[in-house]
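Novice: Using only what follows, build the 3D model:
(4 chains)
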Protein chains: 2
Amino acid sequence: MAATSKPRGRYSVGIATRAKIIDAAVRHFARYGYTRSSLAGLAREVGISEAGVLHHFSSKSELLLEVLRHNEELDRQAMVAAGMPATPLAHVDVISWCVDRNVERPGIVALFVVLSAEAIADDHPAHAWFAQRYDRLTGLLSDSLRAGITAGAIRADIDSLAVARELVAASDGLQIQWLLSGQAFDLPAAYRAAADRILAGITAG
Amino acid sequence: MAATSKPRGRYSVGIATRAKIIDAAVRHFARYGYTRSSLAGLAREVGISEAGVLHHFSSKSELLLEVLRHNEELDRQAMVAAGMPATPLAHVDVISWCVDRNVERPGIVALFVVLSAEAIADDHPAHAWFAQRYDRLTGLLSDSLRAGITAGAIRADIDSLAVARELVAASDGLQIQWLLSGQAFDLPAAYRAAADRILAGITAG
DNA sequence: GTCTATACCGAGATAGAC
DNA sequence: GTCTATCTCGGTATAGAC
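Specialist: Okay, the predicted model is just below:
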């Protein structure tokens, strides 16, 4: 424990500071979006100054991208730990797994709902990141559905990309309602019902 | 024509100024969200000063609510003109009609996607407006579905509110993907397919 | 690694002239 | 009805001390 925390001079060790900043940034970006979040508020929460934050991240937009990358890495690790396929979100079940996980951390859900809407503007610092994310997500899901067709589990006459978009859309749309309603309904159950309804229409036989 | 536009003094007539401000505000809020939009940019576009804008709307947040109210009124009028039921969005078909209409004006779609995400924060000036809007929307759709059950067209064992949420979620989620992709797919067709898939699972018989 | 101090910019809003 | 001028605040980022 002492190995990483021996103070040197008048400042605390700081190896953990970067992580503390990212943690706080997740909360702030989720609550206020990117634009309304301020480095000052972030710094106050961490217990350092604005300049201290900018020592670790050269700009606010770089911090945003680091937050997104960090979260992606955590997701990957959690998926591996849970025995999910290494390729993220390759299967429909994986979305349900994600929803179950995210219901425990509404802050992360808000982070993505708020930022993905903000990032629609093509000069937003995370615009490309989100555009790519959706392409990848729907592409992988579509591949997974086509594999299901080959295996004979799914009807061959469906538009796999369209269904993939619907599955992702159901998740995003329900999240908005869940957050706006103050988490007034059971999000995982709602998503499972929606996915089941979609899948029921495309199963073979 | 001259009835409303005789200049008095050195300023132009200005009865139309309020409408011009609202028009420009729709574009700005859609493009930048509420927070990133500035009265200065708005004013520049209209051709007046910031103070001129604030002469018509006492504050920026009041302008936002006026924009939302104005849009609601336009929707109502368009619905009446199209022979849609006066109660907005009481039927599933009405959503399709809205999607068809909105695909011609991606700015309005962006307005709602961006603002409804921004409004998740409970201190956002339009938070209550959006929370109520979703309650009303899903409530009316749910009522409509229950009427379908009574009429024998829809299976009696479905959760009408859950299905209503799914129909709204599909629309919201597809809109996000549509905007982020640069309008790369046919939104009305995608929504109709999604709605059909959901409805196919709940029709009686 | 973190501080203080500061430069610089742009926001929303108000007061009072025309 | 619109202007100019100004106030006040808050933002990001930089420079240099410790």
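
Novice: Which residue lies nearest the spatial centre of chain A?
Specialist: By CA atoms, centre = their mean, chain A has its centre lying nearest to A:Phe112, at 5.3 Å.

Novice: Please give me every residue in contact with that one.
Specialist: For A:Phe112, the contacting residues are A:Gln175, by CB atoms under 8 Å, 6 or more residues apart in numbering or on different chains. Every C-beta, even on glycine, is put in place using the N, C-alpha and C of the backbone.

Novice: State the helix or strand in which it lies.
Specialist: Assigned by DSSP states H and E, A:Phe112 belongs to helix A:106-118.

Novice: now A:Val80: how far from A:Asp123?
Specialist: As judged by CB to CB, to the nearest Å, A:Val80 and A:Asp123 stand 35 Å apart.

Novice: The two: which has the busier surroundings?
Specialist: A:Val80 (11 against 7; other CB atoms under 10 Å in any protein chain shown).

Novice: And that one, which helix or strand is it part of?
Specialist: Going by DSSP H and E, A:Val80 is part of helix A:60-81.

Novice: what sits against A:Ala162?
Specialist: With CB under 8 Å, 6+ apart, A:Ala162 has these contacts: B:190, B:193-194.

Novice: make it 6 Å
Specialist: Listed by CB atoms under 6 Å, 6 or more residues apart in numbering or on different chains, the contact partners of A:Ala162 are B:Ala193.

Novice: Can you report phi and psi for it?
Specialist: Torsion angles at A:Ala162 (phi, psi; degrees, to the nearest 10) stand at phi -60, psi -40.

Novice: do you know how far A:Ala170 is from B:Asp172?
Specialist: Distance from A:Ala170 to B:Asp172, by CB to CB: 10 Å.

Novice: Give me the more crowded residue out of the two.
Specialist: A:Ala170 (28 against 23).

Novice: Kindly provide the distance from the nearest residue to that one once chain neighbours are set aside to A:Arg155.
Specialist: Of all residues not flanking A:Ala170 in the chain, A:Ala194 sits nearest, at 4.3 Å (CB to CB, 6 or more residues apart in numbering or on different chains). Using CB to CB, A:Ala194 is found at 19 Å from A:Arg155.

Novice: quick one: which of the two has more around it?
Specialist: A:Ala194 (25 against 13).

Novice: and that one, what element?
Specialist: With DSSP H and E as criterion, A:Ala194 is part of helix A:187-200.

Novice: Run through the neighbouring helices and strands of that helix.
Specialist: helix A:92-102, helix A:160-180 (3 or more CB pairs under 6 Å, 6 or more residues apart in numbering or on different chains; DSSP states H and E).

Novice: what comes up buried for the longest helix along chain A?
Specialist: The longest helix of chain A (DSSP state H) is helix A:127-150. Using 16 or more other CB atoms under 10 Å in any protein chain shown as the test for burial, helix A:127-150 gives A:127, A:129-131, A:133-134, A:137-138, A:140-146, A:148-149.

Novice: ok, now stretch A:17-32?
Specialist: A:17-18, A:21-22, A:24-32.

Novice: starting at the chain centroid, how far to it?
Specialist: Relative to its chain's centre, stretch A:17-32 lies at 14 Å (CA atoms, centre = their mean, to the nearest Å).

Novice: Backbone dihedrals for the residue in chain A that DNA strand D sits nearest to, please?
Specialist: Residue nearest to DNA strand D within chain A (CB to the nearest atom of the strand): A:Ser38, separated by 3.0 Å. A:Ser38 adopts backbone torsions of phi -120, psi 150, taken as degrees, to the nearest 10.

Novice: cool, A:Asp122 as well?
Specialist: Torsion angles, degrees, to the nearest 10, at A:Asp122: phi -80, psi 0.

Novice: Chain B versus that one, what's the distance?
Specialist: Distance of A:Asp122 to chain B, given as CB to the nearest CB, to the nearest Å: 8 Å.

Novice: which parts of chain A sit against chain B?
Specialist: A:35-36, A:110, A:113-114, A:117, A:120, A:130-131, A:134, A:162, A:165-166, A:169-170, A:172-174, A:176-177, A:179-180, A:193-194, A:197-198, A:200-201 (CB under 6 Å from any CB of the partner chain).

Novice: Now a ChimeraX select for only the buried ones of those.
Specialist: Selection of buried members from these for ChimeraX, criterion 16+ other CB under 10 Å:
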select /A:35,36,110,113,114,117,120,130,131,134,162,165,166,169,170,172,173,174,176,177,179,180,193,194,197,198,201
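
Novice: Tell me how far the lowest-mean-pLDDT helix or strand in chain A lies from the chain's centre.
Specialist: For chain A, using mean pLDDT, DSSP states H and E, the weakest element among its helices and strands is helix A:92-102, scoring a mean of 88. Helix A:92-102 sits 12 Å away from the centroid of its parent chain (CA atoms, centre = their mean).

Novice: what residues does that helix touch?
Specialist: A:84, A:108-109, A:188, A:191-192.

Novice: Most neighbours among those residues, which one?
Specialist: A:Tyr191 (25 neighbours).

Novice: what's the burial count for the residue nearest to that residue when sequence neighbours are not counted?
Specialist: Nearest residue to A:Tyr191 in three dimensions, chain neighbours excluded: A:Val99, at 4.7 Å (CB to CB, 6+ apart). When counting by other CB under 10 Å, one arrives at 21 neighbours for A:Val99.

Novice: same check, this time on A:Val94
Specialist: 19.

Novice: any low-confidence regions in chain A?
Specialist: Along chain A, segments meeting pLDDT under 70 span A:1-15, A:86-90.

Novice: CA atoms of stretch A:100-118 as CSV?
Specialist: Output in CSV follows, covering the C-alpha atoms of stretch A:100-118 (Å, rounded to 0.1, in the frame of the first residue of the first chain):
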residue,chain,number,x,y,z
ASP,A,100,-28.3,-5.8,-16.9
ARG,A,101,-24.9,-4.5,-16.1
ASN,A,102,-25.7,-0.9,-16.9
VAL,A,103,-28.9,-0.7,-14.8
GLU,A,104,-26.6,-0.7,-11.8
ARG,A,105,-24.8,2.4,-13.0
PRO,A,106,-27.2,4.9,-14.4
GLY,A,107,-24.4,7.4,-14.6
ILE,A,108,-22.8,5.4,-17.4
VAL,A,109,-26.1,5.1,-19.2
ALA,A,110,-26.6,8.9,-19.0
LEU,A,111,-23.0,9.4,-20.2
PHE,A,112,-23.7,7.6,-23.4
VAL,A,113,-27.2,8.9,-24.0
VAL,A,114,-26.2,12.5,-23.4
LEU,A,115,-22.9,12.3,-25.3
SER,A,116,-24.3,10.4,-28.3
ALA,A,117,-26.9,13.1,-28.8
GLU,A,118,-24.5,15.9,-28.4
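
Novice: Noted, bye for now.
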